[in-house]
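Trainee: Give me the fold of what follows.
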Amino acid sequence: MSVSLYGSGQTVIQAVSTNLTGTAALTLQTGQIIHSGVAGTSQYDEVFLYATNRANSGVYLMLQWGAVTSGDSFQVTVPPNDGLTLVSPGLVINSGSILRAYANVANHISVQGYVQRGP
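Mentor: Residues are numbered from 1 along each chain as shown. Model (predicted):
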């Protein structure tokens, strides 16, 4: 894990680059761990993630924030062959919650990003 100062907080995640495991359908699955939030509630992690889709059609990316329930998850369609697509614009996670992701097609989505820890 690389740690460097960035603004008033710390950048605390390595550049994540991973091919996500596909699922047959977007049901409530346990995704691949992308990041574990800072413990407690006195600090928070702002998560910035970008996805790249190497398929010839759109791929659904499911992001799971903290738990594997529909209320804690959201789906993003990543367009094909379109470079980096912002999928998490600084969304907040803390209390040791885990951010997971999975896609509906295997080996076409790569996720890169960083986390800004504050305050």
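Trainee: need the contact list for residue 49.
Mentor: Residues near residue 49 by Cβ atoms under 8 Å, 6 or more residues apart in numbering: 16, 34, 63, 86, 87, 88, 111, 112, 113. C-betas here are computed from N, CA, C, even on glycine.
Trainee: what's the closest non-adjacent residue to the last one?
Mentor: I take that to be residue 113. If the residues on either side of it in the chain are set aside, residue 113 comes closest to residue 49, at 3.7 Å by Cβ to Cβ, 6 or more residues apart in numbering.
Trainee: Report the separation between that neighbour and residue 43.
Mentor: 19 Å (Cβ to Cβ, to the nearest Å).
Trainee: picking up where we left off before, the strand or helix carrying the residue nearest to residue 113 pairs with which strands, and in what direction?
Mentor: Element membership of residue 49 [criterion: DSSP states H and E] is strand 44-53. Using DSSP bridges, strand 44-53 pairs in its sheet with strand 85-93 (antiparallel), strand 109-118 (antiparallel).
Trainee: Relative to residue 103, which of those is closest?
Mentor: With Cβ to Cβ as the measure, strand 109-118 is the member of these nearest residue 103 (4.4 Å).
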